[in-house]
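[1] Need a 3D model of the sequence below.
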Amino acid sequence: MEEVPGVNDVRVNVEAEPGITGYMVEKALKEALGFSPRGDVFPLGGLPRLEGKAKRVFHEKIGK
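    Take a look at the predicted model:
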């Protein structure tokens, strides 16, 4: 993975519909962010929920 100054430990976990692959998510994030963050792809409803506030972002463009 390429080094980006000031960005060390960015992790992006996503929920995706069936057919959306980790490669597709990584490619879209790299195009949007300029680097590939670490992370996992979970089925819809499968992302572990944590206590406290969480910011959820919905992106409809991936895979369409």
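
[2] what's the spatially most central residue of the chain in contact with, if anything?
    Nearest residue to the geometric centre of the chain (CA atoms, centre = their mean): V12, 3.9 Å. Residues near V12 by CB atoms under 8 Å, 6 or more residues apart in numbering: 25, 29, 37-39. (Glycine included, C-beta is placed from N, CA and C.)

[3] try 6 Å this time
    Counting by CB atoms under 6 Å, 6 or more residues apart in numbering, V12 touches 37, 39.

[4] what about P37, distance to L29?
    As judged by CB to CB, to the nearest Å, P37 and L29 stand 6 Å apart.

[5] Please apply the same query to K53.
    22 Å.

[6] Of these two, which one has the most company?
    A direct count of neighbours by other CB atoms under 10 Å for K53 and L29 places L29 higher, at 19 against 5.

[7] Okay, and that one sits in which element?
    If you go by DSSP states H and E, L29 is part of helix 22-33.

[8] If you count neighbours, what's buried in that helix?
    25-26, 28-29 (16 or more other CB atoms under 10 Å).

[9] immediately after it, which helix or strand?
    Next element after helix 22-33 (DSSP H and E): strand 41-43.

[10] ok, and what's touching that following strand?
    By CB under 6 Å, 6+ apart, strand 41-43 touches 14-16, 22, 25.

[11] Of all pairs in those, which one spans the longest distance?
    Farthest pair in those (CB to CB) is E15 and G22. Separation: 12.6 Å.

[12] can you list the weak-confidence ranges in the chain?
    The model of the chain has pLDDT under 70 over residues 1-8, 54-64.

[13] ok, 80 please
    Along the chain, the parts satisfying pLDDT under 80 run over 1-9, 48-64.

[14] Can you tell me the closest non-neighbouring residue to V41?
    Distances taken as CB to CB, 6 or more residues apart in numbering put G22 closest to V41, at 4.8 Å, once the chain neighbours are dropped.

[15] So that neighbour versus F35, what's the distance?
    For G22 relative to F35 (CB to CB), the value is 16 Å.

[16] now do G52
    Distance, G52 to F35, by CB to CB: 27 Å.

[17] who's more crowded, the two?
    Taking neighbours as other CB under 10 Å, G52 and F35 compare with F35 leading, 13 against 4.
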